[in-house]
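*Asks:* Provide a 3D model corresponding to the input given below.
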Amino acid sequence: MDVSTPSRRPRSAESCPWQADGRFAADLPLEDYPSTMLLRLAQAIQQQVSATYARAHGLSVAEWRMLARLNSEGSVQLATLCRALAMDKAYAGRLLRSLGAQSLVTVEADPAHGRRLIVAITPAGRALAQDSCAVPTRDVQAAISPDAALQRLREGNPRFVAGQPIQCDLRAQVRASAGGQAPFAAVLGCIDSRVPPELVFDQRLGDIFAARVAGNFVNDDILGSLEFATQLAGARLIVVLGHTECGAIKGAVDNAKLGHLTGLLAQIRPSLERLHYRGTPSSKDQALVQRVAERNVQDAVTRLNAAPVLAALVQAGQLRIVGAMHDVATGRIGWQV
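*Replies:* The predicted structure is shown next:
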């Protein structure tokens with residue numbers, strides 16, 4: 001019996017084509033295989049598409065696919081949704097938790113079969129699926145929880161920092177909002193030109209109320225404005241937005257005197273006094289200025305939470321009030337929650 005190693009059959013041109021230099025394709029480095037090059041190309045396209053969807057919709061491609069499917073179905077069993085999207089339940093569950101945190105979908109037990117889950121799109125989810133630049137309506141506003149409103153702002157700031165804002169036709173939004181407004185949040189901010197709330201949170205026309213005063217403190221006028229924004233107009237969230245290098249805070253630290261500015265700075269001065277600072281305060285002390293700015297935000301949040309109209313909304317779960325600090329050097333926002 002011949003037990004010698006059988007010789008290999010020569011590879012045909014069809015099974016392994018020759019290269020120009022006389023090598024078989026099988027002898028090429030792995031990264032030069034056509035299949036590998038196609039895979040890299042597909043990955044690059046996927047990354048570009050994902051970035052495009054994130055800029056346009058604030059969602060991943062997978063989240064957008066799920067939302068688009070629910071927009072056409074309305075409501076569907078989780079198992080059916082997974083089959084339609086070719087997803088396993090664990091992965092679908094992660095997507096649904098993310099979409100649910102933004103009040104875009106709901107997941108509830110099937111009344112007819114308690115062990116089955118029904119996934120449904122919310123009015124806010126339908127509005128986003130139909131047009132990510134759609135001006136909020138009352139139905140959309142009512143479907144957003146305070147926590148979901150906060151999450152939207154949390155997700156918007158990284159887009160601003162990365163220079164990848166959602167692009168919308170402002171003229172179309174002007175026309176769409178002419179008949180009314182239904183913002184989901186209100187922001188009390190400083191007049192500083194470097195901290196426009198709509199931009200730093202990457203929100204669009206009709207998304208947020210913006211009350212601005214040097215030093216972002218609370219007085220009766222600001223309080224009345226925020227009571228209107230929430231109790232009457234339906235906003236679900238109030239953010240007190242301070243920032244670094246604030247001129248009003250520096251003026252309060254230095255106890256500056258100038259016309260009507262004197263009275264304005266007197267509204268901020270108590271935040272310095274509550275720090276029990278030893279020595280002579282000076283705006284040249286950057287650490288002190290930052291501490292006063294942060295304490296000023298905290299004091300504003302405390303006063304808003306103590307206001308009867310707003311407190312009743314918070315108690316009812318219809319409103320949340322939080323503080324935040326914007327870094328003018330980086331654009332990033334740190335949260336006091």
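*Asks:* show me the contacts for the closest residue to residue 138 other than its chain neighbours.
*Replies:* Leaving aside its chain neighbours, residue 138 sits nearest to residue 182 (4.9 Å; criterion: C-beta to C-beta, 6 or more residues apart in numbering). C-beta coordinates here come from the backbone N, C-alpha and C atoms, glycine included. Residue 182 sits next to 136, 137, 138, 140, 141, 206, 233, 234 when contact means C-beta atoms under 8 Å, 6 or more residues apart in numbering.
*Asks:* With pLDDT as added columns, please give those in TSV.
*Replies:* TSV is the format used below for those (pLDDT from 0 to 100):
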residue	pLDDT
136	83
137	83
138	86
140	81
141	86
206	93
233	96
234	96
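*Asks:* that's a strand at the residue nearest to residue 138, yeah?
*Replies:* No - counting by DSSP: H, G, I helix; E, B strand; the rest coil, residue 182 is not part of a strand but coil.
*Asks:* doesn't residue 161 fall inside a helix?
*Replies:* Yes - counting by three-state DSSP, residue 161 is part of a helix.
*Asks:* what's the burial count for it?
*Replies:* By other C-beta atoms under 10 Å, 15 other residues sit near residue 161.
*Asks:* I'd guessed it sits against residue 326; true?
*Replies:* No - using C-beta atoms under 8 Å, residue 161 is not in contact with residue 326; the gap is 10.6 Å.
*Asks:* Specify the local secondary structure of the spatially closest residue to residue 336 that is not a sequence neighbour.
*Replies:* The shortest distance from residue 336 to any non-neighbouring residue, by C-beta to C-beta, 6+ apart, is to residue 323 (3.6 Å). Using three-state DSSP, the secondary structure recorded for residue 323 is strand.
*Asks:* Tell me what residue 323 is bridged to.
*Replies:* residue 240, residue 336 (DSSP bridges).
*Asks:* Just give me the neighbour total for it.
*Replies:* 24.
*Asks:* Then residue 287?
*Replies:* 7.
*Asks:* Now the phi/psi pair for it, please.
*Replies:* When read as degrees, to the nearest 10, the backbone of residue 287 gives phi -60, psi -40.
*Asks:* Please report how far it lies from residue 203.
*Replies:* Remark: distance between residue 287 and residue 203 (C-beta to C-beta, to the nearest Å) = 32 Å.
*Asks:* Over to residue 191?
*Replies:* Where residue 203 is concerned, residue 191 sits at a distance of 18 Å (C-beta to C-beta).
*Asks:* The two: which is more packed in?
*Replies:* Taking neighbours as other C-beta under 10 Å, residue 191 and residue 203 compare with residue 203 leading, 23 against 13.
*Asks:* The residue nearest to residue 336 against residue 238, yeah?
*Replies:* No - applying C-beta under 8 Å, one finds residue 323 not in contact with residue 238, separated by 9.7 Å.
*Asks:* can you give me the helices for the stretch 151-300 of the chain?
*Replies:* Counting by DSSP state H, counting those that start in this stretch, one finds helices in the stretch 151-300 of the chain at the ranges 170-176, 197-200, 220-227, 247-253, 261-266, 269-273, 286-306.
*Asks:* Can you lay out these as JSON lines showing mean pLDDT?
*Replies:* Listed next are the helices of the stretch 151-300 of the chain as JSON lines, based on pLDDT from 0 to 100:
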{"stretch": "helix 170-176", "mean pLDDT": "86"}
{"stretch": "helix 197-200", "mean pLDDT": "96"}
{"stretch": "helix 220-227", "mean pLDDT": "98"}
{"stretch": "helix 247-253", "mean pLDDT": "97"}
{"stretch": "helix 261-266", "mean pLDDT": "96"}
{"stretch": "helix 269-273", "mean pLDDT": "96"}
{"stretch": "helix 286-306", "mean pLDDT": "98"}
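*Asks:* want to try a markdown table for those, with distance to residue 115 as columns?
*Replies:* Below are the helices of the stretch 151-300 of the chain laid out as a markdown table (distance: least, C-beta to C-beta, whole Å):
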| stretch | distance to residue 115 |
| --- | --- |
| helix 170-176 | 43 |
| helix 197-200 | 45 |
| helix 220-227 | 45 |
| helix 247-253 | 57 |
| helix 261-266 | 61 |
| helix 269-273 | 55 |
| helix 286-306 | 42 |
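*Asks:* Deepest-packed of those, please.
*Replies:* helix 247-253 (a mean of 23; mean count of other C-beta atoms under 10 Å).
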